[in-house]
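**Q** Need a 3D model of the following:
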Amino acid sequence: QVQLVESGGGLVQAGGSLRLSCAASGRTFSNYSMGWFRQAPGKGREFVARSSWSGEGTYYADSVKGRFTISRVNAKNTVYLQMNNLKPEDTAVYYCAADPYLGAGSTRFSTWHYDAWGQGTQVTVSS
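**A** Predicted coordinates:
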């Protein structure tokens, strides 16, 4: 199973930006599609973004579309989440996750599609 470690979280004012990173190890990174999820206090874990194994196919939750960008560098075994124009409602613990399905993945937005998870990184957006 692939191991995942997130970094890059922190405290930022509304309208600011952060870039999260997720470093993978243990298995061939390009054998996985990758996703980002988040979980706010008292809420369930929700889908944020997904990248196909090549990075050519990307999908976003409506709440972050146009503000967040997922990308990956397979040679570095790393997936990123660039977050711009952050809002207080983006405050959550952000998790990266690996999905061994290499197809289009346009409907693979549920947590149970992913079989490896990082420990999460806290993002706090102040108003």
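**Q** The residue nearest to Thr121 when sequence neighbours are not counted: neighbouring residues, count only.
**A** Using Cβ to Cβ, 6 or more residues apart in numbering and skipping residues adjacent in sequence, the residue nearest Thr121 is Gly9, 3.4 Å away. Placement of C-beta: from N, CA and C, glycine included. For Gly9, the tally of surrounding residues (other Cβ atoms under 10 Å) stands at 18.
**Q** you'd agree Gly9 is up against Ser21?
**A** No. Taking Cβ atoms under 8 Å as the contact criterion, Gly9 and Ser21 are not neighbours in contact, 9.9 Å apart.
**Q** For Ala104, report the pLDDT, please.
**A** At Ala104 the predicted local confidence, pLDDT, stands at 69.
**Q** What of Arg27?
**A** According to the predicted model, the pLDDT of Arg27 comes to 86.
**Q** Give me the phi and psi for it.
**A** For Arg27, the backbone dihedrals are phi -140, psi 170 (criterion: degrees, to the nearest 10).
**Q** Then Phe29?
**A** Geometry field for Phe29 lists phi and psi as phi -60, psi -40, criterion degrees, to the nearest 10.
**Q** what's near enough to touch it?
**A** For Phe29, the contacting residues are 2, 72, 74, 77-78, taking Cβ atoms under 8 Å, 6 or more residues apart in numbering as the criterion.
**Q** Repeat that for Asp115.
**A** Listed by Cβ under 8 Å, 6+ apart, the contact partners of Asp115 are 1, 98-100.
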